[in-house]
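1. Fold the following and give me the result.
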Amino acid sequence: MSRSRLFPAPLALSIAFSLSAPVHAADLAEAADGAADPQATTLDHIVVQGQSIGYKADTATTATKTDTPISETPQAITVVTRERMTDQGAQNVQDALNYAAGVRSDAYGLDSRTDSVLIRGSSPQEYLDGLRSSFNYYTSTARTDPFMLERIEVLRGPASMLFGQGSTAGVVNMVSKRPQAQTRREIGVQLGSFERRQLNADFTGALTDDGTWLYRIVGVYRDSETQVDQVDDDRRLIAPSLTWKPSDDTTLTLQLRWQQDRTGSTSQFFGWSGLIAPNPNGRIPADRYIGNPGDHYDTDRTSAGWQFEHRFNENWTIRQSFRAARNKVDYASAYGDPFTDPSNPFVDPRQRVIRREGWFANTNVRMQNIDQHVEGLFKTGAIAHQLLVGLDAARFKQDEQQLFESAEDRGGTMPAIDIFNPVYLPHTPPPFEPAVKSSQRQVGAYLQDQMHIGDHWIVVAGLRHDRAKNGRVGERTEESSATTKRLGVMFHDWAGWSPYVSYSESFTPVAGANAITGARYKPQKGEQIEAGVKFEPAGRDLSFTAATYELREENRLVADPANPNTNVQTGKTKVSGVEFELTGKVTSSFDITAHYNYLDNDKQLEATPRHQAAVWGKQRFSVAGRDGFAAGLGLRYMSAFDSPPSPTTPSVTLADAMVSFDTGAWRWALNVNNLTDKRYFSICMGRGDCWFGARRTIGLSATFTF
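-> Next comes the predicted model:
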């Protein structure tokens with residue numbers, strides 16, 4: 001992408017979005033002339049002033065778009081810090097969320113195309129630096145590398161009041177590394193399982209003596225295979241950023257990112273037989289590949305944007321965040337077809353040869369996101385207000401050529417394959433179908449007030465209105481609008497305890513129509529009631545959160561019980577649950593993160609485990625009087641669950657471990673995930689397929705800092 005085409009667009013879009021906003025949205029933005037705050041940029045604040053040391057973070061921005069102490073936020077939120085990602089050897093975002101409360105990080109097992117995460121039983125929206133990073137499933141974007149992140153904030157529960165359309169799950173907001181005033185240079189090498197070889201670098205510091213200009217360059221170069229034969233996991237990534245800070249009141253950070261991934265699909269879509277159900281020929285190996293030679297999932301992503309903040313005085317601040325991105329995805333995959341007849345996907349009586357289907361797509365995506373808000377601090381009597389008034393907008397355009405190829409014995413041209421002794425023959429798919437052009441637009445205006453009443457009471461109230469358009473060229477545009485609300489009340493710091501109750505809403509436009517009736521889908525709407533308590537003992541770097549919630553949704557798409565290969569909209573669904581989380585330092589040398597989740601749904605949703613628990617601890621120690629040694633051990637548990645008519649997905653307990661030695665300039669570490677190399681399945685679905693979980697991965701890393 002050329003600079004001439006990339007950088008003028010944001011300025012024009014900012015004006016165009018504002019002019020195209022609803023009248024009441026413009027009125028709210030105009031009213032912001034009387035509102036804002038002396039804190040740093042919503043996003044910059046996290047890195048520059050709110051960096052975390054250890055596992056416990058003190059503040060987060062995702063729940064309020066302001067830098068708010070987590071102990072003063074009346075909603076459940078988890079922060080995965082940089083140190084925690086490093087200690088646990090996270091190779092992707094999915095790994096980084098293995099020990100996050102309320103999260104099912106490997107909901108669809110090992111999937112090289114995307115990070116398959118569920119929160120409270122639903123798929124969350126993925127954000128990067130407070131701006132939405134994807135609009136469709138894996139075919140429209142590239143996975144974010146955890147090395148380029150400073151932290152990951154997980155907001156559990158509906159968040160449409162701040163972010164617009166989204167599910168009841170909440171938001172996974174990944175926060176990029178930003179330029180720092182203190183010089184720090186890091187070069188690291190990783191070697192590991194499946195021929196993994198990675199070189200990563202992170203340089204930051206001041207460009208000028210007065211600190212007016214700061215820089216940061218993050219890069220990753222990786223060649224790797226995966227646990228599935230013939231599927232690579234190669235990456236080239238560079239993410240430079242530049243901060244201009246002419247005064248203490250003004251900051252502008254420019255961000256660029258170029259990423260190229262060359263991989264395939266580790267999801268082979270095997271049926272139940274030979275995995276979770278018996279097969280006379282034995283078990284299917286976890287590394288078995290049944291695609292065609294040359295199948296691939298290749299992505300190219302280029303993005304540019306900025307984070308801007310200006311503080312007018314001690315009480316008023318304005319901020320703007322913008323990003324434009326182009327993604328190109330070239331996808332070719334042949335995979336098993338257990339869907340047509342889940343009870344017998346084989347074409348031979350010996351149960352060896354399985355039908356296959358093929359999916360081929362060339363996708364080009366353009367995304368633009370902008371968010372601007374004014375924040376103000378003022379008082380009305382005994383009430384201290386932190387007011388936020390904002391306007392955000394998003395545009396998404398997609399051109400996709402696609403082709404679905406069905407099995408030979410179903411009238412298609414995709415040949416079957418022996419899954420126990422595959423023979424890979426060259427295969428040329430038919431020509432692509434004509435390109436399909438689609439687009440989404442959304443404009444939203446929001447108003448939020450964080451009120452401190454007296455010494456202990458905190459009230460967070462917000463209101464938002466959105467208008468969204470979804471459509472394909474040549475078809476009727478689907479328009480929807482929604483007004484969403486949130487309200488939270490907390491009694492803060494009662495001997496360290498802070499009980500709270502909150503209510504929040506969500507909405508999601510649903511494109512398409514019922515395959516049988518032809519009726520257009522209605523927008524999906526949800527609401528949550530949550531009650532909980534947060535505890536931070538005085539003088540301890542430790543936090544404990546307990547929360548119980550009930551989620552209700554209307555018009556959610558689920559598999560049709562009469563035909564699992566099509567979707568229907570349910571009337572109303574309900575999910576309830578309980579979560580406990582402990583994070584921080586138990587002693588000065590022992591860090592811990594632990595959680596337990598209980599989730600109960602009404603069986604209208606895709607099955608999820610009722611019980612999940614995880615605990616990770618790291619002990620620092622000395623050997624022969626020499627400091628710098630550390631060892632970590634973690635356990636993850638998932639209970640069994642059913643997705644009828646599939647056999648039960650068994651429960652599983654997995655162990656992870658780490659040993660490291662830090663000399664100051666050098667850090668050496670050995671990480672082992674799934675320590676016992678347990679063969680397990682993240683889910684076996686009623687439509688006919690099972691998904692392998694990640695097998696044992698060993699990683700040895702050496703990092704030099706100077």
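
2. Neighbouring strands - and their directions - for the strand ranked longest in the chain?
-> Among the segments of the chain that qualify as a strand by DSSP state E, the longest is strand 356-380. According to DSSP bridges, strand 356-380 forms sheet pairs with strand 316-336 (antiparallel), strand 383-405 (antiparallel).

3. Just the strands from the stretch 601-706 of the chain, written as ranges.
-> Counting by DSSP state E, counting those that start in this stretch, the stretch 601-706 of the chain has strands at residues 611-623, 626-638, 652-662, 666-673, 681-684, 689-692, 697-705.

4. Can you tell me what sits against the fifth one?
-> Put plainly, it is strand 681-684. 106-109, 116, 272, 275-276, 607, 643, 646-650, 690-693 (C-beta atoms under 8 Å, 6 or more residues apart in numbering). Quick note: C-beta positions are derived from backbone N, CA and C, even for glycine.

5. Apply 10 Å and report the result again.
-> 104-111, 116, 118, 270-272, 275-277, 286, 606-609, 638, 641-643, 646-650, 652, 689-694 (C-beta atoms under 10 Å, 6 or more residues apart in numbering).

6. what bits of the chain have low per-residue confidence?
-> 1-52, 137-140, 511-520, 558-566, 571, 602-607 (pLDDT under 70).

7. Now do the helices in it.
-> 3-6, 8-20, 23-31, 44, 82-87, 93-96, 160-163 (DSSP state H).

8. coming back round to it: out of the strands of the stretch 601-706 of the chain, nearest to residue 207?
-> strand 697-705 (19.8 Å; C-beta to C-beta).

9. Tell me which other helices or strands that closest one touches.
-> strand 184-192, strand 196-206, strand 652-662, strand 666-673 (3 or more C-beta pairs under 10 Å, 6 or more residues apart in numbering; DSSP states H and E).

10. Could you dump these into CSV with distance to residue 171 and mean neighbour count added?
-> Formatted as CSV, those follow (distance: least, C-beta to C-beta, whole Å; neighbours: other C-beta atoms under 10 Å):
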stretch, distance to residue 171, mean neighbour count
strand 184-192, 29, 16
strand 196-206, 26, 17
strand 652-662, 26, 18
strand 666-673, 26, 19
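
11. would you turn the ones you listed into a markdown table with distance to residue 325?
-> Below are the helices and strands packed on strand 697-705 laid out as a markdown table (distance: least, C-beta to C-beta, whole Å):
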| stretch | distance to residue 325 |
| --- | --- |
| strand 184-192 | 26 |
| strand 196-206 | 22 |
| strand 652-662 | 33 |
| strand 666-673 | 30 |
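
12. Which of those sits closest to residue 464?
-> When those are ranked by proximity to residue 464 (C-beta to C-beta), strand 196-206 comes first, at 35.5 Å.

13. who does the closest one touch, helix- and strand-wise?
-> Right, strand 196-206 is packed against strand 184-192, strand 213-223, strand 233-247, strand 697-705 by 3+ C-beta pairs under 10 Å, 6+ apart.

14. what angle separates that strand from strand 184-192?
-> Orientation check (axes from the mean of the first three to the mean of the last three C-alpha atoms, to 10 degrees): strand 196-206 against strand 184-192 gives 170 degrees.

15. returning to that earlier point: buried subset of the contacts of strand 681-684, written for PyMOL?
-> Restricted to buried positions by 16 or more other C-beta atoms under 10 Å, the PyMOL selection for these reads:
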select buried, resi 104+105+106+107+108+109+110+111+116+118+270+271+272+275+276+286+606+607+608+609+638+641+643+646+647+649+652+689+690+691+692+693+694
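
16. returning to that earlier point: closest to residue 498 out of the strands paired with strand 356-380?
-> strand 383-405 (17.0 Å).

17. how much distance is there from the closest one to the middle of the chain?
-> Relative to the centre of its chain, strand 383-405 is centred 15 Å away, using C-alpha atoms, centre = their mean, to the nearest Å.

18. do the same with stretch 187-203
-> For stretch 187-203, the distance to the chain centre is 23 Å (C-alpha atoms, centre = their mean).

19. can I get the CA coordinates of that stretch in CSV?
-> The C-alpha coordinates for stretch 187-203 follow below in CSV (Å, rounded to 0.1, in the frame of the first residue of the first chain):
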residue,chain,number,x,y,z
ILE,A,187,16.6,-9.5,20.4
GLY,A,188,15.3,-13.0,20.9
VAL,A,189,15.5,-16.4,19.3
GLN,A,190,13.0,-19.3,19.7
LEU,A,191,13.4,-22.9,18.8
GLY,A,192,10.8,-25.5,19.4
SER,A,193,8.5,-28.3,18.4
PHE,A,194,7.5,-28.8,14.8
GLU,A,195,10.7,-27.3,13.5
ARG,A,196,9.8,-23.9,15.0
ARG,A,197,12.5,-21.3,14.4
GLN,A,198,11.7,-17.6,15.2
LEU,A,199,13.7,-14.4,15.5
ASN,A,200,12.0,-11.5,17.2
ALA,A,201,13.2,-7.9,18.0
ASP,A,202,11.8,-5.0,19.9
PHE,A,203,13.7,-1.6,20.0
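
20. Is residue 681 bridged to anything, and to what?
-> Going by DSSP bridges, residue 681 forms beta bridges with residue 692.
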